[in-house]
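Undergrad: coordinates only, sequence not included:
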């Protein structure tokens with residue numbers, strides 16, 4: 001799907017074309033509901049930043065050494081020099097700690113600003129904004145949200161999760177394999193706050209899939225940190241929004257837009273599946289030509305079993321926090337962090353712009369509006385709103401998306 005270009009710039013898309021970039025109705029999981037709702041799950045709350053920067057105890061040193069009596073002896077001069085060196089070191093430490101404290105205050109201010117500028121509906125802040133619904137079994141979380149989202153509290157973020165899906169599907173009607181209780185399965189629904197302008201929404205909404213992929217990557221690194229820290233650095237994003245680890249696909253994101261009658265992209269339905277406790281043998285049974293499937297457990301050589309519920313809660317909390325910043329600052333606040341973990345960054349690719357046009361070049365990541373950047377052989381870097389990356393023989397692991 002390709003976004004309409006407006007005012008001569010790629011990526012300045014209409015709400016309709018933006019809906020197509022997000023996936024549209026044909027990209028969703030089309031199934032039927034069957035399951036049991038479990039209420040009373042705890043809401044994720046923002047953890048306050050802890051102040052850990054303190055100035056060193058310079059007060060225990062003399063405030064000034066200029067008034068020390070002159071000591072004619074060598075030992076006295078050495079003592080003066082020692083005091084002066086200690087004072088200089090203390091002052092340098094104080095400057096360093098003050099700078100660190102200032103950076104932390106700026107980070108706290110950014111978080112506070114994001115929360116303060118992101119009001120929902122009747123004026124409540126995003127803290128406490130999350131509502132969770134969990135099913136032991138369902139046809140698919142994506143289909144349930146597509147059917148039921150109009151009945152949700154439109155002022156809140158709703159996260160629908162399940163232990164098992166009977167008929168999950170991925171992009172382009174591909175099936176999504178998920179064994180009972182071994183996969184994180186979550187679909188979110190939210191509307192942009194009314195305070196976000198229509199131009200802001202239309203410009204940023206298509207990139208929410210990348211923001212969720214980033215939340216998944218952060219969550220996987222957290223899960224690996226105490227078990228397989230060597231694998232943390234292998235977690236990354238394969239454009240546009242697949243999550244890979246050690247060169248294998250571990251999670252996928254699926255989204256569609258909900259457009260109001262007035263043409264505003266009014267809401268987003270976005271789902272994710274993360275492989276957690278499947279064995280290597282179970283992963284091998286999923287036939288993929290490139291980017292073979294993997295799970296957290298398989299990455300450890302089947303030696304570790306993970307807490308699926310804990311990983312699900314962590315993912316929901318991380319994404320909820322990211323949305324606060326997303327509503328306040330847009331995709332540009334995430335661009336650098338996402339580009340750092342793009343696994344194809346700097347790789348030679350063939351990019352299919354349309355059925356009639358393909359170009360060769362180097363993948364240069366995404367720009368501040370989430371558009372893919374391709375450097376062509378003449379050295380120009382061109383942004384594109386959508387397209388396909390075609391496998392190149394010289395690039396291992398690439399796949400038609």
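TA: It's in. Values in this document were obtained by computation on a predicted structure and should not be read as measured data.
Undergrad: helix/strand/coil for residue 167?
TA: Put simply, residue 167 is coil when judged by DSSP: H, G, I helix; E, B strand; the rest coil.
Undergrad: so how far is residue 193 from residue 263?
TA: Between residue 263 and residue 193 the computed distance is 18 Å (Cβ to Cβ, to the nearest Å). For the C-beta atoms, the positions are set from N, CA and C on the backbone; glycine is no exception.
Undergrad: Correct me if wrong: residue 369 contacts residue 384.
TA: No. Look at residue 369 against residue 384 with Cβ atoms under 8 Å: they stay out of range, at 11.2 Å.
Undergrad: and residue 263 and residue 193? which has more neighbours close in?
TA: Higher neighbour count among residue 263 and residue 193: residue 193, with 17 against 12, using other Cβ atoms under 10 Å.
Undergrad: Double-check that that one belongs to a helix.
TA: No. Residue 193: not assigned to a helix; according to three-state DSSP it is coil.
Undergrad: which stretches of the stretch 101-250 of the chain have low pLDDT?
TA: Where the stretch 101-250 of the chain drops to pLDDT under 70, the residues are 101-127, 168-178.
Undergrad: for it, what spans make up the helices?
TA: Applying DSSP state H, counting those that start in this stretch to the stretch 101-250 of the chain gives helices spanning 141-148, 198-204, 208-225.
Undergrad: Compare the ones you listed and give me the one nearest residue 128.
TA: helix 208-225 (19.2 Å; Cβ to Cβ).
Undergrad: Show me the contact partners of the closest one.
TA: By Cβ atoms under 8 Å, 6 or more residues apart in numbering, the surrounding residues in contact with helix 208-225 are 22, 188, 231-232, 235-237, 240-243, 245, 250-251, 253, 255, 268, 270, 272, 274, 296, 299, 306, 311, 314-315, 318-319, 322-323, 326, 331, 334, 337-338, 341, 366, 370.
Undergrad: and with 7 Å instead?
TA: Residues from elsewhere that reach helix 208-225 (Cβ atoms under 7 Å, 6 or more residues apart in numbering): 231-232, 235-237, 240-241, 243, 245, 250-251, 253, 255, 268, 270, 272, 274, 296, 306, 311, 314-315, 318-319, 322, 326, 334, 337-338, 341, 370.
Undergrad: Next, the buried residues of that helix.
TA: 208-221, 223-224 (16 or more other Cβ atoms under 10 Å).
Undergrad: can you check stretch 180-198 too?
TA: Neighbour-count burial for stretch 180-198 [16+ other Cβ under 10 Å]: 182-193, 196.
Undergrad: between the residues you listed, which is nearest residue 165?
TA: Distance ranking of those against residue 165, using Cβ to Cβ, places residue 185 first at 5.8 Å.
Undergrad: mind listing what the nearest residue to the closest one once chain neighbours are set aside touches?
TA: Leaving out its chain neighbours, the residue that sits closest to residue 185 by Cβ to Cβ, 6 or more residues apart in numbering is residue 162, at 4.9 Å. By Cβ under 7 Å, 6+ apart, the contact set of residue 162 is 35, 134, 135, 137, 138, 141, 185.
Undergrad: Next one: the residue lying closest to residue 390 once chain neighbours are set aside from residue 316, what distance?
TA: Closest residue in space to residue 390, ignoring its immediate chain neighbours: residue 350 at 4.0 Å, by Cβ to Cβ, 6+ apart. Here the criterion is Cβ to Cβ. By it, residue 350 lies 37 Å from residue 316.
Undergrad: Of the two, which one has the most company?
TA: Higher neighbour count among residue 350 and residue 316: residue 316, with 23 against 16, using other Cβ under 10 Å.
Undergrad: Can you give me the buried ones in the particular helix or strand that has the more buried one in it?
TA: Element membership of residue 316, judged by DSSP states H and E, is helix 308-329. Residues of helix 308-329 classed as buried by neighbour count (16+ other Cβ under 10 Å): 308, 311-329.
Undergrad: where do the strands sit along the stretch 101-250 of the chain?
TA: In the stretch 101-250 of the chain, the strands defined using DSSP state E, counting those that start in this stretch lie at 130-135, 157-162, 183-191, 235-238, 242-245, 248-259.
Undergrad: Dump these into TSV; add distance to residue 200 as well.
TA: Shown next, in TSV, are those (distance: least, Cβ to Cβ, whole Å):
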stretch	distance to residue 200
strand 130-135	22
strand 157-162	18
strand 183-191	13
strand 235-238	23
strand 242-245	26
strand 248-259	15
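Undergrad: Quick one: closest of the ones you listed to residue 357.
TA: Set against residue 357 and scored by Cβ to Cβ, the strands of the stretch 101-250 of the chain come closest in strand 235-238, at 22.4 Å.
Undergrad: Fine by me, thanks again.
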